[in-house]
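Peer 1: how would this look folded up:
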Amino acid sequence: MKSWTLWLTLLATAISILNITGLDDKNILLFLSSPPFWLLETPWFSSHIIHPTSLPQSALYIMTVSFWFILGRLFDRLIYVVTITKK
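Peer 2: Numbering: from 1, shown residues only. Prediction:
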């Protein structure tokens, strides 16, 4: 099995491509799979930092793929540390 980093990044990239092609025209799949997008949609963040409509769509894609890449790296590192300490 490949690493979590690979699979989570591929999944996020596939969801972004679906959104770019117009198959997710209401951004529902992108919203449900992107925790950074959840943060951007909170009332506090949109009123104090930046409103999500002022960000380019490409920034949302980059944040989504980057988030899942970082989370995959953390999972891989955690698995590596656990397997090393068991031995």
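
Peer 1: packing partners of the host helix or strand of residue 20?
Peer 2: Assigned by DSSP states H and E, residue 20 belongs to helix 4-21. Judged by 3 or more C-beta pairs under 8 Å, 6 or more residues apart in numbering; DSSP states H and E, the packing partners of helix 4-21 are helix 28-32, helix 57-86. Just so you know, the C-beta spots here come from the backbone N, C-alpha and C atoms, and that holds for glycine as well.

Peer 1: of all those, which one is nearest residue 39?
Peer 2: Distance to residue 39, taken as C-beta to C-beta, is lowest for helix 57-86 among these, at 9.2 Å.

Peer 1: sorry, back to before: adding distance to residue 43 and mean neighbour count, write the helices and strands packed on helix 4-21 out as TSV.
Peer 2: TSV is the format used below for the helices and strands packed on helix 4-21 (distance: least, C-beta to C-beta, whole Å; neighbours: other C-beta atoms under 10 Å):
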stretch	distance to residue 43	mean neighbour count
helix 28-32	16	15
helix 57-86	18	14
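
Peer 1: lowest average confidence across the ones you listed, which one?
Peer 2: Within the helices and strands packed on helix 4-21, confidence is poorest for helix 28-32, with a mean of 89 (mean pLDDT).

Peer 1: that one: what's the following helix or strand?
Peer 2: helix 35-40.
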